[in-house]
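Asker: show me the folded form of this:
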Amino acid sequence: MRASSAGVQDLVAGLLPLVLIGWALHSLFGATSSIAGLALLPTIVSLSLIGLFFGIRLAVKQIRRGSRPGDIPGADPVQANENSAGTQGFDADAAFANYMRNRDTASPPLNATDAESGDSGPFTARPGGFGRKGV
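Answerer: Predicted coordinates for the structure are as follows:
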């Protein structure tokens, strides 16, 4: 991992809220020894959660900075698209034309007249029962 000036600035900008929240928590913990300090407990908990979110965000940024797509085999999306064996020789236009050609020859959906004549086609009729009645 190379340290650039932008990377150092991002690290400092990520650590600054954590330092400020830590300082606030340290000063609030000093006040919790009294009875009035118990009223500060929700503030301490919420400030701790906010600090946790800032810490997670900083950790994820550092992990992403440390692992570039070139470091992980198969993680580069450009290289993955070029070397994909599953899509080589596939013509999307031909597949769409084949779908449109076969769409008209497919059997029509089951309607009320087919259900009365007993011709259920490829599907079975739904059993009657509890719920709304068909009109």
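Asker: please count neighbours and contacts with C-alpha atoms only from this point.
Answerer: Will do.
Asker: all the helices of the protein, residue numbers only.
Answerer: Using DSSP state H, the helices of the chain run over residues 5-31, 41-66, 77-82, 92-103, 112-117.
Asker: next, format those as CSV and append mean pLDDT.
Answerer: Output for these, formatted as CSV (pLDDT from 0 to 100):
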stretch, mean pLDDT
helix 5-31, 86
helix 41-66, 89
helix 77-82, 58
helix 92-103, 87
helix 112-117, 54
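Asker: want to try CSV for those, with mean neighbour count as columns?
Answerer: Formatted as CSV, the helices of the chain follow (neighbours: other Cα atoms under 10 Å):
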stretch, mean neighbour count
helix 5-31, 14
helix 41-66, 14
helix 77-82, 11
helix 92-103, 10
helix 112-117, 11
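Asker: can you name the residues that contact the residue lying closest to Gly55 once chain neighbours are set aside?
Answerer: The shortest distance from Gly55 to any non-neighbouring residue, by Cα to Cα, 6 or more residues apart in numbering, is to Leu18 (6.9 Å). Counting by Cα atoms under 8 Å, 6 or more residues apart in numbering, Leu18 touches Gly51, Phe54, Gly55.
Asker: rerun at 10 Å
Answerer: Val12, Ala24, Ser48, Ile50, Gly51, Leu52, Phe53, Phe54, Gly55, Leu58 (Cα atoms under 10 Å, 6 or more residues apart in numbering).
Asker: the fourth one reaches Ile21, doesn't it?
Answerer: If I follow you right, that is Ile50. Yes. Ile50 lies in contact with Ile21 (Cα atoms under 10 Å); the separation is 8.2 Å.
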